[in-house]
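# could you look at this predicted model? Sequence included:
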Amino acid sequence: MGSGKSTVGELIAQRLGVSYRDTDADIVAAQGREISDIFVDEGEPYFRELEREAVAAAVAGHEGVLALGGGAVLDEKTRELLTGLPVAYLSMDVEEAVKRVGLGAARPLLAVNPRRQWRELMDARRPLYTEVARVVVATDDRTPEEVAQAVLDALELKNA
Ligand SMILES: Nc1ncnc2c1ncn2[C@@H]1O[C@H](COP(=O)(O)OP(=O)(O)OP(=O)(O)O)[C@@H](O)[C@H]1O
Ligand SMILES: O=C(O)C1=C[C@@H](O)[C@@H](O)[C@H](O)C1
Ligand SMILES: [Mg+2]
């Protein structure tokens, strides 16, 4: 959540000379409303179902860099789908998260007591991120360009 998937994903796609896609953006485009509105109007399980379908469609139909939503790995089928793919987990600590996104109310899962919520979410999710990831890249105190290069290095991919 705010670790730089979109920013870094676009940089990596540019460097590799491939296209970039983001399942959050796919869902917003298909639904014609913001993710926070989908959470409020329909609830999280409904959003997760949309997300599972969006990830499956993108994994099947896109060959470039794909950014997933921060909670996509909660779905077991999604985790299976990611097995064997060059997945990078961009990590950051809570202080970096505060600096980056302010943990504001636009993030529906962090609306109340955001620091604690963030820590609890990450404690629950970290094992899932590391399970699906081929590489883990810490983003704290690194520029997006440095993170992009670290991902390329870790995955042993070369600039175009
Ligand atoms: N390495 C970095 N250093 C400093 N700021 C960064 C870095 N990477 C991203 N940011 C900033 O942090 C914010 C969140 O980045 P971004 O939207 O790319 O994250 P995300 O992981 O795609 O978030 P989301 O979970 O909402 O999809 C943006 O304002 C972005 O400019
Ligand atoms: O971490 C999460 O659960 C989320 C992250 C965002 O990418 C969005 O997919 C949505 O706000 C939920
Ligand atoms: Mg994003």
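Noted; the coordinates are in hand. The structure presented is a predicted model; accordingly, all values stated were derived computationally and were not measured. Ligands and ions are numbered 1, 2, ... in the order given.

# show me where pLDDT drops low in this protein?
Filtered on pLDDT under 70, the chain yields the residue ranges 103-111.

# any idea which residue of it lies closest to ligand 3?
Residue nearest to ligand 3 within the chain (CB to the ion): residue 6, separated by 3.3 Å. For the C-beta atoms, the positions are set from N, CA and C on the backbone; glycine is no exception.

# look at that residue and say how many residues are nearby.
Residue 6 has 15 neighbouring residues, counting by other CB atoms under 10 Å.

# distance between the host helix or strand of it and the chain's centre?
Take DSSP states H and E as the rule and residue 6 turns out to sit in helix 5-16. Computed by CA atoms, centre = their mean, to the nearest Å, the chain-centroid distance of helix 5-16 equals 12 Å.

# what comes up buried for that helix?
5, 7, 8, 9, 10, 11, 12, 13, 15, 16 (16 or more other CB atoms under 10 Å).

# only C-alpha atoms, please: export that helix in PDB.
Provided in PDB are the C-alpha atoms of helix 5-16 (Å, rounded to 0.1, in the frame of the first residue of the first chain):
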ATOM      1  CA  LYS A   5       4.300  -0.400  -7.100                       C
ATOM      2  CA  SER A   6       2.800   2.000  -9.700                       C
ATOM      3  CA  THR A   7       5.700   4.400  -9.700                       C
ATOM      4  CA  VAL A   8       8.400   1.800  -9.800                       C
ATOM      5  CA  GLY A   9       6.400  -0.500 -12.100                       C
ATOM      6  CA  GLU A  10       6.200   2.200 -14.700                       C
ATOM      7  CA  LEU A  11       9.900   2.900 -14.500                       C
ATOM      8  CA  ILE A  12      10.800  -0.800 -14.800                       C
ATOM      9  CA  ALA A  13       8.500  -1.100 -17.800                       C
ATOM     10  CA  GLN A  14      10.200   1.900 -19.500                       C
ATOM     11  CA  ARG A  15      13.600   0.400 -18.800                       C
ATOM     12  CA  LEU A  16      12.600  -3.000 -20.200                       C
END
